[in-house]
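**Student:** Quick one: sequence plus predicted model below, questions after.
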Amino acid sequence: MIVKIGLVAPLTGPQAHLGRDNDNGARLALDEINARGIVIGGKKIRFELVSEDDQADPKTATIVAQKLVDAHVKGVIGHLNSGTSIPASKIYHDAGIPQISPSATAVKYTAQGFKTAFRVMTNDRQQGKVLGRFAVRKMGARRVAIIDDRTAYGQGLADEVERAVRAAGGEVVAREYTTDRASDFLAILTAIKAKNPDVIFYGGMDPQAAPMVKQMQTLGVKARFLGGDGVMTANFLKNAGKSAAGVTASSPGLPLDVMPGGKAFREKFTAKYGQIQTYAPYAYDAAMAMVEAMKRADSVEPARYLPEIGRVRLNGVTGPVSFDA
């Protein structure tokens, strides 16, 4: 019996490297389950990953979410971004289809009252508090400038960082905005340079962060650069080059080699797909957790296994996985 599970992420465009990372992580999990063999409800099950490209665009996200609902998928791993996960979650909720995001961190995503929305990732309230305190107490910043990309993720994280900086005794001397499609930051960086900040925090993803730090160097901006988990990628290091020196970014969890299953995961993943970006282990655990709930319910039907997601206790690659909903 073929059971379809959806995967949604940006598979084209500037964030495609992150989308493929999630896709490959979930695919690796399902391939391993299929290779071992699994029986649920008295039937031998073979999982099929149905991947859709939301292009990191909220409107496209709702279109592909409905497409997956119409394809009768039994669950969805995704979306990658908060700004796509949030609007899509209403569609999955209305259809009664469980959604586990490997990487959406916006607080709102799981605060809408939808019992179908889960994540295996920290949220921006937790991350932002740490980043704001870190800027002031560990980086020694008294003056902090903040830039965000106006997405649900970037703006939400920047808002939390701003609150945390002020709470820690720092001063936010500038708040500037860009988009998740921009590549020229010279104007806002010039304005920020005049404010003489000690640290610049960027709420957004690596396709913008890499040229941003290069342009900081071009303009002679002396402030240190701080980013969230969206900057903590292999592609950022590659594209920023020497300008990445001195950059600090938050990891969404333990470093891969310190994760309980990290070393084994790295070996398996890199042998099959190449370099890991950031979220692949979380996508792997999200897929494993969804299947574990199906096993607990002895059913692949969403209405049957949805209540079991909250009872899952999984020793995942990233660490213990459980849900508080």
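**Tutor:** Perfect, I can see it now. Residues are numbered from 1 along each chain as shown.

**Student:** which residues touch the residue nearest the centre of the chain?
**Tutor:** Taking C-alpha atoms, centre = their mean, the centroid of the chain lies closest to Ser103, which sits 2.3 Å from it. Listed by C-beta atoms under 8 Å, 6 or more residues apart in numbering, the contact set of Ser103 reads Leu18, Asn22, Leu80, Asn81, Arg119, Met121, Asp229, Pro252, Thr278, Tyr279, Tyr282, Ala283. For the C-beta atoms, the positions are set from N, CA and C on the backbone; glycine is no exception.

**Student:** Same question for the lengthiest helix in the chain: list its buried residues.
**Tutor:** Longest helix in the chain by number of residues (criterion: DSSP state H): helix 16-36. With burial defined by 16 or more other C-beta atoms under 10 Å, the residues of helix 16-36 counted as buried are 16-31, 33.

**Student:** TSV please, covering the contacts of Ser103 and showing distance to Glu160 and pLDDT.
**Tutor:** Putting those into TSV (distance: C-beta to C-beta, whole Å; pLDDT from 0 to 100) gives the following:
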residue	distance to Glu160	pLDDT
Leu18	21	98
Asn22	23	99
Leu80	20	98
Asn81	17	98
Arg119	16	98
Met121	15	92
Asp229	13	95
Pro252	15	82
Thr278	19	94
Tyr279	20	97
Tyr282	20	98
Ala283	24	99
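
**Student:** now, the most widely separated pair of these?
**Tutor:** Leu18 and Arg119 (15.6 Å; C-beta to C-beta).

**Student:** List the contacts of Asp180.
**Tutor:** Per C-beta under 8 Å, 6+ apart, neighbours of Asp180: Pro14, Ala56, Asp149, Arg150, Thr151, Gly154, Gly204, Met205, Pro207, Gln208.

**Student:** nearest residue to the first one other than its sequence neighbours?
**Tutor:** Ranked by C-beta to C-beta, 6 or more residues apart in numbering and with sequence neighbours excluded, the top spatial neighbour of Pro14 is Pro207, at 3.8 Å.

**Student:** for the closest residue to Val39 other than its chain neighbours, phi and psi?
**Tutor:** Nearest residue to Val39 in three dimensions, chain neighbours excluded: Ile45, at 6.8 Å (C-beta to C-beta, 6+ apart). When read as degrees, to the nearest 10, the backbone of Ile45 gives phi -110, psi 140.

**Student:** Does Ile45 touch Ile38 like I think?
**Tutor:** Yes - taking C-beta atoms under 8 Å as the definition, Ile45 is a contact partner of Ile38 at 5.1 Å.

**Student:** Report the beta-bridge partners for Asp148.
**Tutor:** Tyr177, Gly203 (DSSP bridges).

**Student:** burial of it, as a residue count?
**Tutor:** Residues near Asp148, counting by other C-beta atoms under 10 Å, number 25.

**Student:** before we move on, the earlier item: kindly list the main-chain dihedrals of the residue nearest to the centre of the chain?
**Tutor:** Ser103 has phi and psi values of phi -150, psi 0 when expressed as degrees, to the nearest 10.

**Student:** how about Arg266, what does it touch?
**Tutor:** Leu256, Asp257, Ile276.

**Student:** just the buried members of these?
**Tutor:** The neighbour count (16+ other C-beta under 10 Å) marks Leu256, Ile276 as buried among those.

**Student:** Output the contacts of Arg266 in a markdown table; the columns should cover pLDDT.
**Tutor:** Formatted as a markdown table, the contacts of Arg266 follow (pLDDT from 0 to 100):
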| residue | pLDDT |
| --- | --- |
| Leu256 | 92 |
| Asp257 | 91 |
| Ile276 | 96 |
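
**Student:** Retrieve the pLDDT associated with Leu219.
**Tutor:** Listed pLDDT for Leu219 reads 98.

**Student:** Tell me the predicted confidence for the nearest residue to it once chain neighbours are set aside.
**Tutor:** Residue nearest to Leu219 in three dimensions, not counting chain neighbours: Leu189, with 5.5 Å by C-beta to C-beta, 6+ apart. Looking at Leu189, its pLDDT is 99.
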